[in-house]
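Visitor: Give me a 3D structure for the following:
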Amino acid sequence: MKFTRITIEHDKMGGAPCIRGLRIPVATIVGMVANGMAEKEILEAYPDLEPEDIREALLYAAEAVKERQIPLVTA
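Guide: Numbers count the residues shown, from 1 in each chain. The predicted model follows:
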């Protein structure tokens, strides 16, 4: 899968994946969605974002999780 809206620049944000070089980390957007924020709220908080940026951030996160195992707490 090719991501056209996700950039990684080693001199910006410590090389974290960001949206279109805007210094808005993918993790920030995914966290906002996970916390129940609506797309409209996210776009209001970050006016430089576009709806497609949010969708691609979620797709990127989904692909990233496929690439490795994340330890889970078990009961």
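
Visitor: ranges for the helices of this protein?
Guide: 26-34, 39-45, 51-66 (DSSP state H).

Visitor: among these, which is the most enclosed?
Guide: Of the helices of the chain, the one with the most neighbours on average (mean count of other Cβ atoms under 10 Å) is helix 26-34, at a mean of 17. C-betas here are computed from N, CA, C, even on glycine.

Visitor: returning to what we had before: now for the helices of the chain, which one comes closest to I6?
Guide: Closest to I6 of these, according to Cβ to Cβ: helix 51-66, at 5.1 Å.

Visitor: Report the angle between the closest one and helix 26-34.
Guide: Here helix 51-66 runs at an angle of 100 degrees relative to helix 26-34 (axes from the mean of the first three to the mean of the last three Cα atoms, to 10 degrees).

Visitor: Report the rounded mean pLDDT for helix 51-66.
Guide: For helix 51-66, the mean pLDDT works out to 94.

Visitor: Which neighbouring elements make contact with that helix?
Guide: Contact partners of helix 51-66 among helices and strands, from 3 or more Cβ pairs under 8 Å, 6 or more residues apart in numbering; DSSP states H and E: strand 6-7, strand 18-19, helix 26-34, helix 39-45.

Visitor: which residues touch that helix?
Guide: Applying Cβ atoms under 8 Å, 6 or more residues apart in numbering, the external contacts of helix 51-66 come out as 1, 3-6, 17, 19-20, 26-27, 29-30, 33, 39, 42-43.

Visitor: That'll do, ta.
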